[in-house]
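> structure for this input, please:
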Amino acid sequence: MTINKETIERYQQEHPHKKKGKYKFKCAYRSNESEFKCIYYIIDDTLRTAEIFVDINITDEIDVKFSEKISQDEKDCIIDNILDLILLREQYPSLLHYSLYSQYIESSDRETFSLLPMDYMDILGYIKYHQGISQKTIDLFYDIFMPAINRLKDDKKYKNYLASIVLLFNTINYTYEWNSSHTNYLDSEYQYHLYYLRVILKDFYSLIDDFYEAASDETFMIIENLCLNPRFALFIMVDYIKNLLKPSENQDALYQMLKNKYHFSDDKEDKNYNLIYAYLSAIYRQNHEKYRITVKEILREVIKVGITYVNYDLDLALGNAFLKSEGHELLIDIFEEDYNTFLFNVFTIESLPEELKNEVREKLCQAVVFFAGRMDNEKFRMSSLEQITNINRLLLDNYRGWYQ
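Okay, the predicted model is just below:
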């Protein structure tokens, strides 16, 4: 059942191509001894999704069929990406034969089958290819996956349990950005997974000492994955993590491993500064001052997303959760430090507590004077004009009676 790696490696040597194309990977599965079926997609300027089906056959040669006509350059990018993914996939052992995916999904007696972590990712690819991506299809996958990893956990097969979670995190598409002439859009497939990932991560942290004792590398890989994807990580941990992080000898060792790679620093220019490491460390070490500093950095990230992308509802909910627990005064602190009036385009003045609204108005009036003073400097003229224009709009929209 092993794919012909020599053919792939020879093809890659003969066709060196490491550019990134416009089409993004959606899903794939192995359909027979030598063939993989894949879907790539693109989101256009009107936010409509266009898919392209790609069949790649790997024997002594590589043969690729595309369902749509696209440029040769885009074809090369897709082929290059598929081959990399196939080689990565082949690094992991599996048990379930490709001809049995459908039968296994439809089976009512899955508990009698003991699969390996990669098998579940293969099943996810098969489901996405044949049934599309929706809450219904992702629910179907977790109907299979959740009982399976819970059995692994209950049987104390912690290495396979953790490896399954690591592979799941690496498989979900949550980093794609789509840019057009008039809008920027963040891919939202990961939203279908959030409920289940919250449950998984909560279970993980509930037994983190046991996991670290049995499989320290896999435990570290899960935390590192969170560190590498801060926006995604916060979505699945913010509502419970403070109640689960408790000092222990094993977690001290885990945080030492993280400390060797990431910095818990006030210097955001430090290339090794990591938001999630700073967030978790502040909670774990019960450092309230560092925690508030880190929360302000999280709010800055929310503001950046809100200014940049059209779909930021989850980010806004995340920011509001922190403001509810830590106080809306943090927005005043951020404004005084950054003088970025567009934060009030994301966290609207209307949504602020009444007792802060007059203070915000005073801060905006002070900001007008500040930016007006910079208008004589050509370097800051356009950005200052942009801020003054935004201040006028904010004052007119929120303090109309006073403004007039």
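
> report the contact partners of the closest residue to Tyr192 other than its chain neighbours.
Once flanking residues are discounted, Tyr192 sits nearest to Ile138: 4.0 Å by C-beta to C-beta, 6 or more residues apart in numbering. Every C-beta, even on glycine, is put in place using the N, C-alpha and C of the backbone. For Ile138, the contact set (C-beta atoms under 8 Å, 6 or more residues apart in numbering) comprises Tyr192, His193, Tyr196.

> and Ile138, which of the three is it?
At Ile138 the chain is in helix, as set by DSSP: H, G, I helix; E, B strand; the rest coil.

> neighbour-wise, give me the winner out of the contacts of Ile138.
With neighbours defined as other C-beta atoms under 10 Å, the most crowded of the contacts of Ile138 is His193; it has 23 neighbours.

> since we're on the nearest residue to His15 once chain neighbours are set aside, how many residues are nearby?
Take His15 and drop its neighbours on the chain: the residue closest to it by C-beta to C-beta, 6+ apart is Asp76, 7.0 Å away. Around Asp76 there are 15 other residues, counting by other C-beta under 10 Å.

> Asp76 contacts His17, correct?
Yes. At 4.8 Å, Asp76 counts as touching His17 under the criterion of C-beta atoms under 8 Å.

> next, count neighbours for Phe145.
Around Phe145 sit 20 other residues, with neighbours defined as other C-beta under 10 Å.

> Phe335: which element?
For Phe335, the host element (DSSP states H and E) is helix 329-338.

> ok, and what's touching that helix?
By C-beta under 8 Å, 6+ apart, the residues outside helix 329-338 that reach it are 292, 295-296, 299-300, 303, 322-323, 340-341, 343-344, 347, 352, 356, 359-360, 363, 367.

> flag every buried residue along it.
By 16 or more other C-beta atoms under 10 Å, the buried positions in helix 329-338 come out as Leu330, Leu331, Ile334, Phe335.

> after it comes which helix or strand?
Once helix 329-338 ends, the next helix or strand along the chain (criterion: DSSP H and E) is helix 343-346.

> count of neighbours near Arg48?
Using other C-beta under 10 Å, Arg48 has 8 other residues around it.

> and it, its phi and psi?
Dihedral angles of Arg48 (phi, psi; degrees, to the nearest 10) stand at phi -90, psi 140.

> what does the one 10 residues further on give?
Its backbone dihedrals place Ile58 at phi -120, psi 110, with angles given as degrees, to the nearest 10.

> check Gln366 too.
Taking degrees, to the nearest 10 as the convention, Gln366 sits at phi -60, psi -40.

> same check, this time on the one 3 residues further on
In this entry, Val369 is assigned phi and psi values of phi -60, psi -40 (degrees, to the nearest 10).

> measure how buried it is and give me the count.
Neighbours of Val369 under the rule other C-beta under 10 Å: 8.

> give me the distance between it and Thr389.
Val369 sits 15 Å away from Thr389, going by C-beta to C-beta, to the nearest Å.

> and what of Tyr309?
Using C-beta to C-beta, we find Tyr309 at a distance of 21 Å from Thr389.

> how far does the helix holding Phe335 sit from its chain's centre?
26 Å (C-alpha atoms, centre = their mean, to the nearest Å).

> check the average confidence over it, would you?
For helix 329-338, mean pLDDT is 96.

> stretch 383-399 too?
Stretch 383-399 carries an average pLDDT of 93.

> got phi/psi on Ile56?
Main-chain torsions, Ile56, degrees, to the nearest 10: phi -120, psi 120.

> residue numbering should commence at 18 henceforth.
Sure thing, new numbering starts at 18, so read that last one as Ile73.

> my read: it touches Ile96, true?
Yes. Using C-beta under 8 Å, Ile73 is in contact with Ile96, at 7.1 Å.

> list residues touching both of these two?
Ile79, Val81.

> and the residue sitting nearest the centre point of the chain, how far is that from Ser401?
The centroid of the chain falls nearest to Phe249 when counting by C-alpha atoms, centre = their mean (3.6 Å). Separation of Phe249 from Ser401 (C-beta to C-beta): 35 Å.

> now swap in Val327 and tell me
Here Val327 is placed at a distance of 26 Å from Ser401 (C-beta to C-beta).

> neighbour count: Tyr326 and Thr406, which is higher?
A side-by-side neighbour count of Tyr326 and Thr406, using other C-beta under 10 Å, places Tyr326 first with 16 against 12.

> next up, the contacts around the more buried one.
Contact analysis of Tyr326 by C-beta under 8 Å, 6+ apart lists Glu194, Asn201, Tyr202, Leu203.

> ok, so of those residues, who is nearest Leu412?
Asn201 (27.3 Å; C-beta to C-beta).

> which one is that closest one nearest to, not counting chain neighbours?
Closest to Asn201 by C-beta to C-beta, 6+ apart is Tyr326, at 4.9 Å.

> phi, psi for the one you found please.
According to degrees, to the nearest 10, Tyr326 has phi -120, psi 150.

> what would the contacts of Ile155 look like in TSV with distance to Lys278 and secondary structure?
Shown next, in TSV, are the contacts of Ile155 (distance: C-beta to C-beta, whole Å; DSSP: H, G, I helix; E, B strand; the rest coil):
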residue	distance to Lys278	secondary structure
Tyr209	31	helix
His210	26	helix
Tyr213	28	helix
